[in-house]
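1. kindly generate the corresponding structure for this input.
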Amino acid sequence: MTQPDPEYVNWLVEQSMLHNAKHFSVRYAGQARMWQQPYAETRPRAASALASVWFTAYPAAIITRPGESVLQTLGDSKLWSALSAIGIQGVHTGPMKRAGGIQGRDYTHTIDGNFDRISFAIDPAFGTEEDFIAMSRAAAARNAVVIDDIVPAHTGKGADFRLATMYHGDYPGLYHMIEIAEEDWPLLPEVPEGREAVNLSPAIVDQLRDKGYIVGQLRRVIFFEPGVKETDWSATDVIVGVDGVARRWVYLHYFKEGQPSLNWLDPTFAAQRMIIGDALHSLDALGARILRLDANGFLGVERRLQGPAWSEGHPLSLVGNRLIGGMVRKAGGFSFQELNLTVDDIASMSHGGADLSYDFINRPAYHHALVTGNTEFLRMMLRTVHEYNIDPASLIHALQNHDELTLELVHFWTLHAHDTYSFGGQSWPGENLREHIRSTMYERLTGENAPYN
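-> Got it, this is the predicted structure:
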């Protein structure tokens, strides 16, 4: 195995988000425009006044005219006339920037609906940067706005990840990835042929934790699948760095193997620089006015002496979101979060962070009311909103977000599993109330009662 070709390394640097963020961000240094907006506190009512009714467009599901791109379709003046006529003031495009990975010099497809970001460039499948700018102008002509996305928690396996595994510059500091000493490589499973990483079993994760490499298993495994993803940790094959040293890395991924998690407390502060650059690019270069922060509750992870690592509701996530939210407001925009965690987390992350939040609190409750004809659970959750001093104007009441009708009820699953609640004339531990509500919903919405679901 030989060192990477310097020409190839330079090509990767040119493609990388960290490199492009640096070049984009320096335009703001010393400029008065960054001091004209209030930014310390969230402004939910200003954000909702800017655009209170949105249309969410799913890029891969849009049927265009022959020869027309998705972005050209979304920027069509007749479409905007129709949207304006029915009171729509904003279009949330969904993630439009290139995602997936890089193998050699070839780009690979997204594995998660373009939420595995690898570039600031627009995905050619959806159009061009010029198309996006034209869409933003078409919206502005109708007193409407375009809403874009940034992903603070992870990337895809693009140039930034490749450079990190090659031990180049600041790039290893981007990710929650750890070099495993060669004498401990026997602990790691071999990477199957045709693959570039292998998921680690809980037993191996525990061994690596006990040896002081990683923080260990997390509270829950999102996208759990036996034999495919049993933990949130994967190991790379042997990779030779730019310094000629062969390494194997273990890296964290809250979601899929191809979505390595960013490290929000590294001395390089590379993750912050990259994500802020991405946000400024969307606001300034593309003309978006609001940004969705995806997976923004997973920015902090910490080892605990006993039990799983502290990975949800971590204070570092609060700090990270305040940095992002403040910078977006400083640049004249607003942000919203998709935070399917406890009401405690949604309230905390809203103090100085995102201006708006998807309503993961009341949405399953009003679904329950619609299905059962009983508003008791909905009223319980409405009271909870007020108990936590969450401004109702900060909640986005979507039919659904981008995936599914979420019935996880995380509030009762984790932090409040053992709290006591009164419902239906009896007392329930939170975890039991959660299962009761979920079983009722699934009984009414699937099976014999609704075989079409």
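2. quick check: A235 touching A197?
-> Yes - the criterion here is C-beta atoms under 8 Å, and A235 meets it with A197 at 6.3 Å. No exception for glycine: its C-beta is placed from N, CA and C like everyone else's.
3. now do the shared contacts for those two.
-> Counting by C-beta atoms under 8 Å, 6 or more residues apart in numbering, the contacts common to A235 and A197 are V191, Y251.
4. residues of stretch 232-249 that come out buried?
-> With burial defined by 16 or more other C-beta atoms under 10 Å, the residues of stretch 232-249 counted as buried are D232, W233, S234, A235, T236, I239, V240, G241, R247, R248, W249.
5. output it as CSV, restricted to C-alpha atoms.
-> Extracted as CSV, the C-alpha positions of stretch 232-249 are listed here (Å, rounded to 0.1, in the frame of the first residue of the first chain):
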residue,chain,number,x,y,z
ASP,A,232,-23.6,3.3,16.1
TRP,A,233,-19.9,2.5,15.4
SER,A,234,-18.1,1.2,12.3
ALA,A,235,-14.5,0.4,11.5
THR,A,236,-12.7,1.2,8.3
ASP,A,237,-10.3,-1.0,6.4
VAL,A,238,-6.6,-0.2,6.5
ILE,A,239,-6.0,3.2,4.9
VAL,A,240,-2.6,4.8,4.2
GLY,A,241,-2.4,8.5,5.1
VAL,A,242,-0.7,11.3,3.5
ASP,A,243,2.1,10.7,6.0
GLY,A,244,2.6,7.2,4.8
VAL,A,245,1.2,5.6,8.0
ALA,A,246,-1.3,2.8,7.7
ARG,A,247,-4.3,3.3,10.0
ARG,A,248,-7.7,1.7,10.9
TRP,A,249,-10.3,4.1,12.2
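6. residues in contact with that stretch?
-> By C-beta under 8 Å, 6+ apart, the surrounding residues in contact with stretch 232-249 are 1-4, 9, 165-168, 177-180, 182, 185, 188-189, 191, 196-200, 205, 208, 214, 217-218, 221-222, 250-254, 257.
7. please pick the buried ones from the residues you listed.
-> Of the contacts of stretch 232-249, these count as buried by 16+ other C-beta under 10 Å: 4, 9, 165-168, 177-178, 180, 188, 191, 196-200, 205, 208, 214, 217-218, 221, 250-254, 257.
8. SS state for G300?
-> Classification of G300 by DSSP: H, G, I helix; E, B strand; the rest coil places it in coil.
9. that one and P152: what is the separation?
-> From G300 across to P152, the span is 11 Å (C-beta to C-beta, to the nearest Å).
10. is it true that W80 touches N143?
-> No - with contacts counted by C-beta under 8 Å, W80 stays clear of N143, the gap being 10.3 Å.
11. before we move on, back to that, closest to Y366 out of the buried residues of stretch 232-249?
-> The nearest member of the buried residues of stretch 232-249 to Y366, counting by C-beta to C-beta, is D232 at 32.0 Å.
12. can you tell me the SS state at the closest residue in space to the closest one that isn't next to it in sequence?
-> Nearest residue to D232, sequence neighbours excluded (C-beta to C-beta, 6 or more residues apart in numbering): L218, at 5.1 Å. Here L218 is coil, with the state taken from three-state DSSP.
13. tell me the secondary structure for the residue nearest to I275 when sequence neighbours are not counted?
-> Residue nearest to I275 in three dimensions, not counting chain neighbours: P152, with 5.0 Å by C-beta to C-beta, 6+ apart. Secondary structure, three-state DSSP: P152 is coil.
14. which residues touch the lowest-mean-pLDDT helix or strand in the chain?
-> One helix or strand of the chain scores below all others by mean pLDDT, DSSP states H and E: helix 343-349, with a mean of 87. The contact list for helix 343-349 (C-beta under 8 Å, 6+ apart) reads 296-297, 312-313, 317-318, 321, 337, 339, 357, 360-361, 384-385, 388-390, 411, 415.
15. can you mark which positions in stretch 70-83 are buried?
-> For stretch 70-83, a neighbour-count test (16+ other C-beta under 10 Å) marks V70, L71, Q72, T73, L74, G75, D76, L79, W80, L83 as buried.
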